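Trainee: Structure, please.
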Amino acid sequence: MTGPVEISWFAALCDDDYEFLGVPAPALQSSWNHCRDIVQRADRAGFDNVLLPSGYQLGIDSVAFAGGIAPLVEQIHLLIAVRVGEMWLPQLARQIATLDQMAEGRLTINIISSDLPGQALDSAPRYRRTREYMHGLRRLLSGMPLEAGGEFVDLDLAAPRIATATGGCPPMYFGGFSEDAKETAAEAADVFLTWPDTVDSVAATIVDMQARAARFERELRYGLRAHVIVRETEAEARNAAERLVSRLDDDTGAAIRAKSLDTASAGVARQSALRGAADDDGYAEPHLWTGVGRARSGAGAAIVGDPDQVVAKLRAYQAVGVEAFILSGYTHTAECDLVARHVLPAIDHSPLRPRWG
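Mentor: I've put the predicted structure just below:
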């Protein structure tokens, strides 16, 4: 696949920033000041988008943070994570429309379909709820009335007066590896996100999702969420990876992973399997290191290497259909600078344009 890709960075709203994995540092904990600095650095560095993640027990609120940061950035898009069911649908639509105006049309949406704090819901109804919310948001954010008699969204609403800056629904990014998740993405998402995996496995996932989307007469774009460790030489990058986990013990890593609400998901299981299949140094294939997953429930692998190797790995994923990369690294400010210096100039990139329907 040719053409520009979207390259995004990650704002550590969920207490996921370390110099040494598993060793909290007060200056790196989730806070307005720290996360603001990450986003502004990514904005100045030329990243196209930045993920603002959401986690109930893990840090500050993504919606409130987006409202604060929107006037403080100049060109970067904001990929705001929202957990379906945490907010009443009409209010969520109004918040997103307001944020999009504040961001001058540079808002994108990461739909999260995990359990809610204090509540567990089986997979099938949880994803039915997600689909109903996604369809409702798409109508309301496109300025249309909503007449829905669903299981979770039972509303009769006139078209809202407040609209997004563009008059349309911002692109919805969505990920998940269960059957219910994949069908939800095929039916309702714009960008399907996968976690780090071997190139062949990512290619197979994209082929699968293309077929699923075609059954709904739709097309998706595809994104990869991964960590990155880039240094001037491969040896330096591998040493940086080893240093990152040098103070991590297994019990601490397990406790960190257990804090997430999605620890039993199919995606997390796949990340565990990838880590289990890696070689003695933690590499599942050349330049794909799974050590990050020892202390992280979600995306659990990093692209590790010198600038040419990291760029080649990104291009290998692009060749099988990936059009958007959401990257991160430890610490998020230091690695942001390194990726901006060594990777961004070598990749043709720009924000993804919406694909409606």
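Trainee: Tell me where this protein has strands.
Mentor: Assigned by DSSP state E, the chain shows strands spanning 6-10, 49-52, 77-83, 107-112, 146-149, 154-157, 172-175, 191-194, 221-230, 283-285, 288-289, 302-305, 324-328.
Trainee: Now those strands in CSV, please, with extra columns for mean pLDDT.
Mentor: Output for the strands of the chain, formatted as CSV (pLDDT from 0 to 100):
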stretch, mean pLDDT
strand 6-10, 98
strand 49-52, 98
strand 77-83, 97
strand 107-112, 97
strand 146-149, 95
strand 154-157, 95
strand 172-175, 97
strand 191-194, 97
strand 221-230, 97
strand 283-285, 94
strand 288-289, 96
strand 302-305, 97
strand 324-328, 98
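Trainee: Can you add mean neighbour count and distance to residue 338 and give those back as a markdown table?
Mentor: Any C-beta I mention is one placed from the backbone N, CA and C, and that applies to glycine too. Listed next are those as a markdown table, based on neighbours: other Cβ atoms under 10 Å; distance: least, Cβ to Cβ, whole Å:
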| stretch | mean neighbour count | distance to residue 338 |
| --- | --- | --- |
| strand 6-10 | 26 | 12 |
| strand 49-52 | 26 | 16 |
| strand 77-83 | 24 | 21 |
| strand 107-112 | 25 | 24 |
| strand 146-149 | 14 | 45 |
| strand 154-157 | 13 | 47 |
| strand 172-175 | 24 | 25 |
| strand 191-194 | 25 | 23 |
| strand 221-230 | 25 | 5 |
| strand 283-285 | 19 | 20 |
| strand 288-289 | 26 | 16 |
| strand 302-305 | 27 | 12 |
| strand 324-328 | 26 | 11 |
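Trainee: Nearest to residue 336 among those would be which one?
Mentor: Among those, the nearest to residue 336 by Cβ to Cβ is strand 6-10 (5.7 Å).
Trainee: What pairs with that closest one, parallel or antiparallel?
Mentor: According to DSSP bridges, strand 6-10 forms sheet pairs with strand 49-52 (parallel), strand 324-328 (parallel).
Trainee: what residues does it touch?
Mentor: Residues outside strand 6-10 that contact it (Cβ atoms under 8 Å, 6 or more residues apart in numbering): 38-39, 42, 45, 47-51, 53, 77, 79, 223, 323-328, 332, 336, 339, 343-344, 347, 349-352.
Trainee: again with stretch 130-140
Mentor: Outside stretch 130-140, the residues that touch it by Cβ under 8 Å, 6+ apart are 84-85, 89-90, 92-93, 96, 109, 111, 113, 145-146, 148, 150-153, 155, 157, 159-160, 169, 172, 174, 184, 187-189.
Trainee: Swap in 7 Å and give it another go.
Mentor: For stretch 130-140, the external contacting residues (Cβ atoms under 7 Å, 6 or more residues apart in numbering) are 84, 89, 92-93, 111, 113, 146, 148, 150-153, 160, 169, 172, 184, 187-188.
Trainee: Would you mind giving the strands of the chain as JSON lines with distance to residue 165 added?
Mentor: Formatted as JSON lines, those follow (distance: least, Cβ to Cβ, whole Å):
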{"stretch": "strand 6-10", "distance to residue 165": "19"}
{"stretch": "strand 49-52", "distance to residue 165": "16"}
{"stretch": "strand 77-83", "distance to residue 165": "12"}
{"stretch": "strand 107-112", "distance to residue 165": "8"}
{"stretch": "strand 146-149", "distance to residue 165": "20"}
{"stretch": "strand 154-157", "distance to residue 165": "21"}
{"stretch": "strand 172-175", "distance to residue 165": "16"}
{"stretch": "strand 191-194", "distance to residue 165": "19"}
{"stretch": "strand 221-230", "distance to residue 165": "21"}
{"stretch": "strand 283-285", "distance to residue 165": "41"}
{"stretch": "strand 288-289", "distance to residue 165": "38"}
{"stretch": "strand 302-305", "distance to residue 165": "34"}
{"stretch": "strand 324-328", "distance to residue 165": "21"}
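Trainee: Of all those strands, which one comes closest to residue 212?
Mentor: strand 191-194 (9.2 Å).
Trainee: how about the CA coordinates for that closest one, as CSV?
Mentor: Extracted in CSV, the C-alpha atoms of strand 191-194 (Å, rounded to 0.1, in the frame of the first residue of the first chain):
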residue,chain,number,x,y,z
VAL,A,191,-10.7,2.8,11.7
PHE,A,192,-10.0,-0.7,13.1
LEU,A,193,-7.2,-0.8,15.5
THR,A,194,-5.0,-3.8,16.2
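Trainee: Check which helices and strands that strand is in contact with.
Mentor: Judged by 3 or more Cβ pairs under 7 Å, 6 or more residues apart in numbering; DSSP states H and E, strand 191-194 is in contact with strand 172-175, helix 199-215, strand 221-230.
Trainee: could you check the angle strand 221-230 makes with the longest one?
Mentor: Which is helix 199-215. 160 degrees (axes from the mean of the first three to the mean of the last three Cα atoms, to 10 degrees).
Trainee: Can you show me the CA trace of helix 199-215 as CSV?
Mentor: C-alpha atoms of helix 199-215 as CSV (Å, rounded to 0.1, in the frame of the first residue of the first chain):
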residue,chain,number,x,y,z
VAL,A,199,3.5,-8.7,10.3
ASP,A,200,1.9,-11.9,9.0
SER,A,201,-0.6,-11.9,11.9
VAL,A,202,-1.5,-8.2,11.3
ALA,A,203,-2.0,-9.0,7.6
ALA,A,204,-4.3,-11.9,8.4
THR,A,205,-6.4,-9.7,10.7
ILE,A,206,-6.8,-7.1,8.0
VAL,A,207,-7.9,-9.6,5.4
ASP,A,208,-10.4,-11.0,7.9
MET,A,209,-11.8,-7.5,8.7
GLN,A,210,-12.0,-6.6,5.1
ALA,A,211,-14.3,-9.6,4.5
ARG,A,212,-16.4,-8.7,7.5
ALA,A,213,-16.8,-5.1,6.5
ALA,A,214,-17.7,-6.1,3.0
ARG,A,215,-20.7,-8.0,4.3
